[in-house]
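Trainee: What shape does this take:
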Amino acid sequence: MTTQWVTASAPGKFVVLGEHSVVYGKPAIVLATDRRIYCSVHRSRKFTVNGDSLDLSRQPHFNYLTRGMNYALDFLTTSQLPSGAGMGSSAALSAALALAIRTERGEFPTELSLVEEAYGAELHAQGGGSPMDASACV
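Mentor: Presented below is the predicted three-dimensional model:
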């Protein structure tokens with residue numbers, strides 16, 4: 001646990017082949033990009049994101065990743081990924097948030113546990129899909 005800012009980042013992704021086939025259990029080829037999402041966290045009296053109050057009930061990624069916490073966090077996020085462009089911005093946000101939160105807690109998560117946590121946040125937010133984006137972004 002730390003009272004200092006902790007920063008983590010995660011890359012976006014680019015699907016070379018099989019973007020829709022993974023939903024049916026078929027293989028795909030996906031690469032991480034050089035564009036990233038950055039997330040910094042710091043303990044706080046209330047949840048905020050980029051200085052604004054954060055309503056966890058309206059932000060499923062944050063809601064999932066902060067479940068069970070008995071304290072609040074300030075979040076600062078910046079993105080080099082265009083939202084809605086198919087570059088995995090949602091999965092990259094989930095991965096960066098998961099790593100920043102776990103690091104703030106003093107944990108040293110494995111790559112697999114981060115993929116599982118980012119994918120869990122994606123499922124919570126979107127209701128379905130494959131772990132392809134989360135895997136590429138971790």
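Trainee: Please count neighbours and contacts with C-alpha atoms only from this point.
Mentor: Will do.
Trainee: So which residues of this structure form helices?
Mentor: 60-65, 89-104, 111-126, 132-137 (DSSP state H).
Trainee: From residue 132, how far off is the residue of the chain most remote from its centre?
Mentor: Farthest-out residue of the chain from its mean C-alpha position, per C-alpha atoms, centre = their mean: residue 26, at 24.1 Å. Distance of residue 26 to residue 132, given as C-alpha to C-alpha, to the nearest Å: 11 Å.
Trainee: beta partners for residue 9?
Mentor: Here residue 9 sits in beta bridges with residue 38, going by DSSP bridges.
Trainee: State the pLDDT value of it.
Mentor: Reported pLDDT at residue 9 in the predicted model: 98.
Trainee: Quick check: the gap between it and residue 17.
Mentor: 25 Å.
Trainee: wait, what's in contact with the residue nearest to the spatial centre of the chain?
Mentor: Centroid check for the chain by C-alpha atoms, centre = their mean gives residue 94 as the closest residue, at 1.1 Å. Taking C-alpha atoms under 8 Å, 6 or more residues apart in numbering, we find residue 94 in contact with 61, 65, 117, 118, 119, 121, 122, 134.
Trainee: one step back: who has more neighbours out of residue 9 and residue 17?
Mentor: residue 9 (25 against 12; other C-alpha atoms under 10 Å).
Trainee: Check the gap between residue 87 and residue 128 for me.
Mentor: Taken as C-alpha to C-alpha, the span from residue 87 to residue 128 is 17 Å.
Trainee: Look at those two and report which has more neighbours.
Mentor: residue 87 (21 against 12).
Trainee: wouldn't the more buried one be in contact with residue 10 here?
Mentor: No - Residue 87 is beyond contact range of residue 10, at 11.7 Å (criterion: C-alpha atoms under 8 Å).
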